[in-house]
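Q: model this:
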Amino acid sequence: MDIAEWWPKLAEDARAWLMANNGDALPSHLVEQITAAGGVVTSDAWWVGESGPNGFFLSDRATDWIEEAANGEHP
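A: The predicted structure is shown next:
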């Protein structure tokens, strides 16, 4: 599922955290919310970044998308 599909399904506080902490490792509860909204974090979707000992990261393209969303460039 594309980020544009699961983004509006996130709680407002989750979207706010992603915008305020864009590029940071996602806390596990946020990864769970993305998964619950339909985002498959183990997929090869363009928005999936690296996952490792420091946590789960969104891709650079996804952080750009979130920045655009924060600037009102996405519905």
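
Q: Let me see the contact set for the residue nearest to the spatial centre of the chain.
A: By C-alpha atoms, centre = their mean, the chain has its centre lying nearest to residue 58, at 5.9 Å. Neighbour list for residue 58: 23, 26, 47, 48, 49, 66 [criterion: C-beta atoms under 8 Å, 6 or more residues apart in numbering]. C-beta here means a position set from N, CA and C on the backbone, and glycine is covered the same way.

Q: Just the buried residues out of those residues, in ChimeraX syntax.
A: Per 16 or more other C-beta atoms under 10 Å, the buried members of the contacts of residue 58 correspond to this ChimeraX selection:
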select :26,47,48,49,66
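
Q: quick one: which of the contacts of residue 58 sit in helices?
A: Mapping those onto helices (DSSP state H) picks out residue 66.

Q: quick check, nearest of the contacts of residue 58 to residue 14?
A: Closest approach between the contacts of residue 58 and residue 14, by C-beta to C-beta: residue 26, at 9.6 Å.

Q: What helix or strand is the spatially closest residue to that closest one that is not a sequence neighbour located in?
A: For residue 26, ignoring the flanking residues on the chain, the nearest one in space by C-beta to C-beta, 6 or more residues apart in numbering is residue 56 at 4.9 Å. Using DSSP states H and E, residue 56 sits within strand 55-58.

Q: Mean confidence (pLDDT) on that strand, please.
A: Average pLDDT, strand 55-58: 93.

Q: All further residue positions should be reported with the first residue as 35.
A: Understood, numbering begins at 35; the last thing we discussed is strand 89-92.

Q: Just the C-alphas of it, formatted as PDB.
A: Extracted C-alpha coordinates of strand 89-92, given in PDB (Å, rounded to 0.1, in the frame of the first residue of the first chain):
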ATOM      1  CA  GLY A  89      15.000   1.100  14.500                       C
ATOM      2  CA  PHE A  90      12.900   1.400  11.400                       C
ATOM      3  CA  PHE A  91      13.400   4.300   9.100                       C
ATOM      4  CA  LEU A  92      11.300   5.600   6.200                       C
END
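
Q: Enumerate the positions of that strand that are buried.
A: Judged by neighbour count using 16+ other C-beta under 10 Å, the buried positions of strand 89-92 are 90, 91, 92.
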